[in-house]
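K.L.:
dropping a prediction and its sequence here:
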Amino acid sequence: EWASSVAESVEIDIRPTSLTPWLQLRQERQGHAEVLRCVQEYGLVPIERLSVPTPISGAVGQFRSSGPNTFGASTDLEALQSWLNRYETKPKTLKVYRWAAETYCLYCVLIKKKAMSSMVEQDIQDYRKFLIQPPHDWVAPPYPVSRDSVQWRPFKKSRLSASSVRQALVCIKAMYRAWC
(Lines give C-alpha, C1' and ligand atoms only; values in the text may rest on other atoms or scores of the structure.)
Protein backbone atom coordinates (compact mmCIF):
# COMPACT_ATOMS: atom_id res chain seq x y z
CA GLU A 1 0.00 0.00 0.00
CA TRP A 2 2.60 2.54 1.06
CA ALA A 3 4.73 1.80 -2.04
CA SER A 4 1.79 2.62 -4.32
CA SER A 5 1.13 5.93 -2.59
CA VAL A 6 4.80 6.91 -2.67
CA ALA A 7 5.04 5.99 -6.38
CA GLU A 8 1.96 8.05 -7.15
CA SER A 9 3.24 11.07 -5.19
CA VAL A 10 6.53 11.13 -7.13
CA GLU A 11 4.77 10.17 -10.38
CA ILE A 12 6.68 7.00 -11.25
CA ASP A 13 5.45 3.65 -12.45
CA ILE A 14 6.38 0.52 -10.59
CA ARG A 15 6.03 -3.06 -11.77
CA PRO A 16 3.05 -5.01 -10.42
CA THR A 17 5.43 -7.64 -9.01
CA SER A 18 6.97 -4.91 -6.86
CA LEU A 19 3.60 -4.59 -5.13
CA THR A 20 3.06 -8.33 -4.74
CA PRO A 21 3.89 -9.78 -1.31
CA TRP A 22 7.13 -11.80 -1.48
CA LEU A 23 5.45 -14.91 -0.06
CA GLN A 24 2.90 -14.90 -2.89
CA LEU A 25 5.67 -14.47 -5.50
CA ARG A 26 7.61 -17.33 -3.92
CA GLN A 27 4.57 -19.64 -4.03
CA GLU A 28 3.91 -18.74 -7.67
CA ARG A 29 7.52 -19.49 -8.59
CA GLN A 30 7.42 -22.80 -6.71
CA GLY A 31 4.22 -23.72 -8.57
CA HIS A 32 5.92 -22.96 -11.90
CA ALA A 33 8.94 -25.06 -10.83
CA GLU A 34 6.57 -27.96 -10.05
CA VAL A 35 5.09 -27.72 -13.55
CA LEU A 36 8.59 -27.78 -15.05
CA ARG A 37 9.56 -30.84 -12.98
CA CYS A 38 6.44 -32.66 -14.12
CA VAL A 39 7.07 -31.75 -17.77
CA GLN A 40 10.65 -33.00 -17.48
CA GLU A 41 9.50 -36.24 -15.86
CA TYR A 42 6.69 -37.13 -18.27
CA GLY A 43 7.67 -35.00 -21.27
CA LEU A 44 5.80 -32.29 -23.14
CA VAL A 45 5.25 -34.34 -26.28
CA PRO A 46 2.48 -34.87 -28.83
CA ILE A 47 -0.17 -37.36 -27.69
CA GLU A 48 1.05 -40.06 -30.06
CA ARG A 49 4.27 -40.19 -27.99
CA LEU A 50 2.74 -39.45 -24.59
CA SER A 51 3.31 -41.99 -21.82
CA VAL A 52 0.70 -41.50 -19.11
CA PRO A 53 1.42 -42.91 -15.63
CA THR A 54 -1.06 -45.67 -14.74
CA PRO A 55 -2.62 -43.89 -11.72
CA ILE A 56 -3.76 -41.03 -13.97
CA SER A 57 -4.35 -43.01 -17.19
CA GLY A 58 -8.09 -42.96 -16.69
CA ALA A 59 -8.35 -46.74 -16.40
CA VAL A 60 -10.09 -46.07 -13.10
CA GLY A 61 -11.03 -42.41 -13.61
CA GLN A 62 -13.47 -40.90 -11.13
CA PHE A 63 -16.21 -40.55 -13.77
CA ARG A 64 -15.28 -43.53 -15.93
CA SER A 65 -18.02 -46.05 -16.49
CA SER A 66 -17.24 -49.53 -15.22
CA GLY A 67 -19.07 -51.12 -18.14
CA PRO A 68 -17.94 -51.52 -21.76
CA ASN A 69 -17.65 -48.39 -23.86
CA THR A 70 -18.33 -47.79 -27.54
CA PHE A 71 -14.67 -46.98 -28.21
CA GLY A 72 -13.39 -50.20 -26.64
CA ALA A 73 -10.91 -48.01 -24.76
CA SER A 74 -9.40 -48.94 -21.44
CA THR A 75 -7.68 -45.57 -20.84
CA ASP A 76 -8.49 -41.93 -21.48
CA LEU A 77 -5.74 -41.66 -24.07
CA GLU A 78 -7.17 -44.62 -26.01
CA ALA A 79 -10.63 -43.03 -25.88
CA LEU A 80 -9.20 -39.71 -27.05
CA GLN A 81 -7.38 -41.38 -29.97
CA SER A 82 -10.54 -43.30 -30.94
CA TRP A 83 -12.59 -40.12 -30.83
CA LEU A 84 -10.08 -38.33 -33.06
CA ASN A 85 -10.09 -41.27 -35.51
CA ARG A 86 -13.71 -40.40 -36.29
CA TYR A 87 -12.45 -37.27 -38.05
CA GLU A 88 -9.75 -38.80 -40.26
CA THR A 89 -11.79 -37.95 -43.38
CA LYS A 90 -12.20 -34.33 -42.24
CA PRO A 91 -8.64 -32.95 -42.03
CA LYS A 92 -9.57 -29.41 -40.96
CA THR A 93 -11.85 -30.65 -38.17
CA LEU A 94 -9.25 -33.23 -37.13
CA LYS A 95 -6.56 -30.55 -36.88
CA VAL A 96 -8.70 -28.33 -34.62
CA TYR A 97 -9.97 -31.23 -32.49
CA ARG A 98 -6.51 -32.79 -32.17
CA TRP A 99 -4.97 -29.52 -30.95
CA ALA A 100 -7.76 -28.95 -28.41
CA ALA A 101 -7.81 -32.54 -27.14
CA GLU A 102 -4.04 -32.86 -27.09
CA THR A 103 -3.55 -29.63 -25.18
CA TYR A 104 -6.26 -30.61 -22.73
CA CYS A 105 -4.80 -34.08 -22.22
CA LEU A 106 -1.34 -32.63 -21.58
CA TYR A 107 -2.85 -30.12 -19.16
CA CYS A 108 -4.66 -32.88 -17.26
CA VAL A 109 -1.59 -35.11 -17.01
CA LEU A 110 1.19 -32.56 -16.55
CA ILE A 111 -0.50 -29.72 -14.70
CA LYS A 112 -3.43 -31.25 -12.82
CA LYS A 113 -1.86 -34.72 -12.56
CA LYS A 114 -5.33 -36.20 -13.07
CA ALA A 115 -7.03 -38.43 -15.58
CA MET A 116 -9.29 -36.65 -18.07
CA SER A 117 -12.09 -38.85 -16.77
CA SER A 118 -11.51 -37.44 -13.28
CA MET A 119 -11.67 -33.74 -14.10
CA VAL A 120 -14.32 -31.66 -12.30
CA GLU A 121 -15.88 -28.27 -13.08
CA GLN A 122 -13.20 -26.31 -11.19
CA ASP A 123 -10.50 -28.07 -13.23
CA ILE A 124 -12.21 -26.93 -16.44
CA GLN A 125 -12.36 -23.35 -15.15
CA ASP A 126 -8.66 -23.56 -14.32
CA TYR A 127 -8.00 -24.89 -17.83
CA ARG A 128 -9.81 -21.90 -19.33
CA LYS A 129 -7.42 -19.58 -17.44
CA PHE A 130 -4.47 -21.71 -18.55
CA LEU A 131 -5.53 -21.37 -22.19
CA ILE A 132 -5.68 -17.59 -22.00
CA GLN A 133 -2.01 -17.36 -21.08
CA PRO A 134 -0.13 -20.66 -21.20
CA PRO A 135 3.30 -21.02 -19.56
CA HIS A 136 6.15 -19.86 -21.82
CA ASP A 137 7.66 -23.34 -21.94
CA TRP A 138 4.43 -24.59 -23.58
CA VAL A 139 4.83 -22.16 -26.51
CA ALA A 140 6.66 -23.27 -29.66
CA PRO A 141 9.55 -21.29 -31.09
CA PRO A 142 8.64 -18.69 -33.74
CA TYR A 143 9.74 -20.97 -36.59
CA PRO A 144 8.16 -24.20 -37.92
CA VAL A 145 8.82 -27.25 -35.73
CA SER A 146 7.84 -30.83 -36.58
CA ARG A 147 5.79 -32.95 -34.18
CA ASP A 148 8.84 -35.22 -33.86
CA SER A 149 11.11 -32.42 -32.67
CA VAL A 150 12.10 -31.99 -29.02
CA GLN A 151 11.24 -28.31 -29.57
CA TRP A 152 7.59 -29.15 -30.31
CA ARG A 153 5.11 -27.38 -28.05
CA PRO A 154 1.28 -27.34 -28.15
CA PHE A 155 0.90 -23.55 -28.38
CA LYS A 156 2.00 -21.30 -31.23
CA LYS A 157 1.23 -18.06 -29.38
CA SER A 158 1.77 -16.95 -25.80
CA ARG A 159 -1.82 -15.62 -25.55
CA LEU A 160 -4.99 -17.09 -27.02
CA SER A 161 -7.89 -14.96 -28.18
CA ALA A 162 -11.28 -15.29 -26.52
CA SER A 163 -12.64 -17.03 -29.63
CA SER A 164 -9.76 -19.56 -29.63
CA VAL A 165 -10.37 -20.33 -25.95
CA ARG A 166 -14.09 -20.74 -26.63
CA GLN A 167 -13.39 -23.04 -29.60
CA ALA A 168 -11.03 -25.22 -27.54
CA LEU A 169 -13.65 -25.60 -24.80
CA VAL A 170 -16.35 -26.47 -27.37
CA CYS A 171 -14.05 -29.21 -28.72
CA ILE A 172 -13.46 -30.61 -25.22
CA LYS A 173 -17.20 -30.57 -24.58
CA ALA A 174 -17.74 -32.50 -27.83
CA MET A 175 -15.13 -35.06 -26.77
CA TYR A 176 -16.78 -35.61 -23.38
CA ARG A 177 -20.19 -35.86 -25.03
CA ALA A 178 -18.88 -38.56 -27.38
CA TRP A 179 -17.44 -40.46 -24.42
CA CYS A 180 -20.83 -40.71 -22.69
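P.N.:
Nice, thanks for sending it over. Quantities reported herein were computed from a predicted structural model and do not represent experimental measurements.
K.L.:
next, the distance between the ends of stretch 113-133.
P.N.:
Stretch 113-133 has an end-to-end distance of 19 Å (criterion: CA to CA, to the nearest Å).
K.L.:
so what touches it?
P.N.:
38, 56-64, 76, 79-80, 103-105, 107-108, 111-112, 158-160, 164-165, 168-169, 172, 179 (CB atoms under 8 Å, 6 or more residues apart in numbering). No exception for glycine: its C-beta is placed from N, CA and C like everyone else's.
K.L.:
now list the buried members of those.
P.N.:
38, 56-59, 61, 64, 76, 79-80, 103-105, 107-108, 111-112, 160, 165, 168-169, 172, 179 (16 or more other CB atoms under 10 Å).
K.L.:
those residues in helices, which ones?
P.N.:
38, 76, 79, 80, 103, 104, 105, 165, 168, 169, 172, 179 (DSSP state H).
K.L.:
would you confirm that the last one contacts residue 79?
P.N.:
Yes. Residue 179 sits in contact with residue 79 when judged by CB atoms under 8 Å, with a separation of 5.8 Å.
K.L.:
which residues does the most centrally placed residue in the chain contact?
P.N.:
Central residue of the chain (CA atoms, centre = their mean): residue 107, 2.9 Å from the mean position. For residue 107, the contacting residues are 127, 130, by CB under 8 Å, 6+ apart.
K.L.:
and if you look at residue 97?
P.N.:
83, 84, 87, 171, 174, 175.
K.L.:
closest one of those to residue 150?
P.N.:
residue 84 (23.3 Å; CB to CB).
K.L.:
could you check how far the nearest residue to the closest one once chain neighbours are set aside is from residue 59?
P.N.:
Spatial nearest neighbour of residue 84, excluding adjacent residues (CB to CB, 6 or more residues apart in numbering): residue 98 at 5.7 Å. Distance from residue 98 to residue 59, counting by CB to CB, to the nearest Å: 22 Å.
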